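1. curious how this folds, go ahead:
(chains A and B)
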Amino acid sequence: MVGLSAGEKHFIQGGIAQDLRADGRKRLTYRPIYVETGVIPQADGSAKVKMGATEVIASVKLDLARPNPSQPGKGKVSLFVSCSATAGPMFEGRGSEELSTELSVALQRCLLGGKSGAGAAFDPSCLSIVDGKLCWDAYIDGLVVSADGNLLDALGAAIKAALTNTRVPVANVPAGASLDEDPDVDLSSQETTRIDTSGVPVIVTLTKVGRHYIVDATSEEESQMSSAVSVSINKERRICGLTKRGGAGLDPSIILDMISVASHVSEQLMNKLDSEIAAAEADEQDI
Amino acid sequence: MRGIQLSLNQTQRLRLQTALELLETLSSKASLNASVTVADNIPVNYEDGVLKYKPEIGDIIVGRVIEVAPKRWRLEINFIQDAVLMLSSMTLPDGIQRRRTAVDELNMRSIFEEIDVVCAEVRGFQHDGSLHLQARSQKYGKLERGQLLTIPPYLVKRRKQHFHHLEQYGVDLIIGCNGFIWVGEHVEAKDDMVVDDQVNKSEQHSSKSRNWTSLEEQEQTHTPAETRQNICRIANAIRVLSTLGFNVTLDVIMETVYLSSSLNLEIHEMLGAEFCVLVAESEAERRSSSAKRKG
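-> Predicted structure coming up:
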């Protein structure tokens, strides 16, 4: 990304201070969000989300596996994000490793919950087939196709849409079959079940530029940030995860203020996302 | 519709298609006695040189400084090669026509630094094909207090004027032939100044830009809110026209801005799907009514 001259930087900072950003948005306005589901037919669930020029794709793939002995009634979920080289020349080769790791860790913290499974985005027991012997492993993959700022929010939205789009095949295990070796699992029935994603949180990133916070920063605005706080909030307005980026230190009162602003913004974002995802699913069924 | 990156619902898609088809038929009618039949579609990679900027002498362009080299600046201008602006082709701050001395060479950074946005004119081609620029008159030079937009170069047609001072908005609009467009607060062209004054001013300016002492100081020098709104509206108008693939000229930009203010749209709504379709429809209407008047 090319740098910005001093005059342009000044213009951006001035815009944020005056609540009129370079594309006319207010500080707490999101860019138009576009959601499309079912973009990867081979995956069990997928979605593409576009926020302005930022474009991300999320996919969910399910594999049969043995559950964790410490949690026999639940499936396992793993999450990983990678950046496509098409997003920009700095993402070629190993350039995107640092960013990918940062995004993956932040999303894992927000969506996967703790070791005991508490606080996870969705209940992994819906992935269990036979208690203690057979379950589905869910591999959630995120891909950044085009980066123009606010990658975390877009990825959070895409994963939420992909999970809503996921169809878990119904597996019939013949009774009495020995499950200690590879069992014959019957997947021929076309039935599928859905994952309950009503508890999946949305991620709101607040970027601090000067004295003010903005939501949904473009990469130009992100280059001017002093720090950014990403909060993941669910429908009950509870915080599921918190990440802070950026070199500048923040006063604790400012962090609390940012969390309350994020909580306020999350309600609109949640409603908008839910309606967009529902519309995308309806579109997909029409096709 | 070359894969327009918008999320349109069914009705909007239909409306956009109708408008674009109407525009296509109008443009083919304009060329009398000529009929074109599409025999074959050859997929073209739009990134290649087919639709790149094709420079001509006398073009006004906007570029970004990427290197300060001995006696010249190198600028990036959306072309396959970088352009060169010689120190001798640039008016000195004191405005006197004289030989550039070694002191001038050492002070090049006080005129333009890396990543500054600069406006200049194409003077000629160098032997290796790269461009030679000049910035001899007062209207060329560094651009601050605004934003730079990038659009495909083939959307900019060569006109008599590329500098537009929009008085009723207090905005400077520079449509570079290379697809870089500058929209910013209006800055009066500097008059010739005495050397001492200029040196003091440039010292103040450079110290200001290097260490902003307090936020209040910054806020005092910010663009006024009204001008900023106009800048954002014009910038969004250009973005919409670029998405639709329409030629970007002053008339079309102004039409789009009037349309958005007459509809009382919020500035950020100009980037939504609905406004995009409206712009296409109004452009189709405008051209069909002007074609009827002629024909």
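
2. my read: B:H162 touches B:F180, true?
-> No: with contact defined as C-beta atoms under 8 Å, B:H162 does not count as touching B:F180 (11.2 Å). (Each C-beta comes from the backbone N, C-alpha and C, glycine too.)

3. what's the next secondary structure element after the helix or strand of chain A with the lowest mean pLDDT?
-> Lowest on mean pLDDT, DSSP states H and E among the helices and strands of chain A sits strand A:128-130, with a mean of 83. Next along the chain after strand A:128-130, taking DSSP states H and E as the criterion, comes strand A:134-146.

4. quick one: that next one near chain B?
-> No: interface with chain B: strand A:134-146 contributes nothing (C-beta under 8 Å from any C-beta of the partner chain), its closest point being 9.9 Å away.

5. contact partners of the least confident helix or strand of chain A?
-> A:64, A:67, A:73-75, A:134-136, A:171, A:173, A:179, A:185 (C-beta atoms under 8 Å, 6 or more residues apart in numbering or on different chains).

6. endpoints of stretch B:93-111, how far apart?
-> End-to-end span of stretch B:93-111 (C-alpha to C-alpha, to the nearest Å): 8 Å.

7. from the contact counts, what lies against the helix ranked longest in chain A?
-> Longest helix in chain A, counting residues (DSSP state H): helix A:252-286. Other elements packing on helix A:252-286 under the criterion 3 or more C-beta pairs under 8 Å, 6 or more residues apart in numbering or on different chains; DSSP states H and E are strand A:33-37, helix A:151-165, strand A:202-209, strand A:212-215, strand A:227-233, strand A:239-245.

8. partner strands of the fifth one, with direction?
-> Yep, that's strand A:227-233 we're talking about. strand A:202-209 (antiparallel), strand A:239-245 (antiparallel) (DSSP bridges).

9. neighbour-wise, which of B:H162 and B:F180 wins?
-> More neighbours surround B:F180 than the other of B:H162 and B:F180, with 25 against 20 (other C-beta atoms under 10 Å in any protein chain shown).

10. the one helix or strand A:A47 maps to - what's its average pLDDT?
-> Per DSSP H and E, A:A47 falls inside strand A:45-51. Taken as a whole, strand A:45-51 has a mean pLDDT of 93.

11. can you state the direction angle for it and strand A:134-146?
-> 30 degrees (axes from the mean of the first three to the mean of the last three C-alpha atoms, to 10 degrees).

12. which strands border strand A:45-51, and is each parallel or antiparallel?
-> strand A:33-37 (antiparallel), strand A:54-65 (antiparallel).

13. now the angle between helix A:252-286 and that strand, please.
-> 120 degrees.

14. contacts for strand A:45-51, please.
-> A:30-40, A:55-60, A:150, A:153-155, A:157-159, A:161-167, A:216, A:277, A:280, B:5, B:7.

15. spatially nearest residue to the spatially most central residue of chain A (excluding sequence neighbours)?
-> Central residue of chain A (C-alpha atoms, centre = their mean): A:G156, 1.7 Å from the mean position. Nearest residue to A:G156 in three dimensions, chain neighbours excluded: A:I203, at 3.5 Å (C-beta to C-beta, 6 or more residues apart in numbering or on different chains).

16. quick check on the contacts of strand A:128-130: which are buried?
-> Using 16 or more other C-beta atoms under 10 Å in any protein chain shown as the burial test, these include A:64, A:67, A:74-75, A:134-136, A:171, A:185 as buried.

17. out of the strands paired with strand A:227-233, the one nearest B:P152 is which?
-> Shortest distance between B:P152 and the strands paired with strand A:227-233, using C-beta to C-beta, is found for strand A:202-209: 29.7 Å.

18. so which residues on chain B come close to chain A?
-> B:5, B:7, B:64, B:76, B:113-117, B:142-148, B:184, B:209, B:215, B:218-219, B:221-223, B:225, B:228-229, B:232-233, B:235-236, B:239, B:266-273.

19. just the buried subset of the residues you listed, written out for PyMOL, thanks.
-> To isolate the buried members of these in PyMOL, using 16+ other C-beta under 10 Å:
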select buried, chain B and resi 7+64+76+113+115+116+117+142+143+144+145+146+147+148+184+218+222+223+228+229+232+233+235+236+239+267+268+269+270+271+272+273
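
20. no further queries at this time; thank you.
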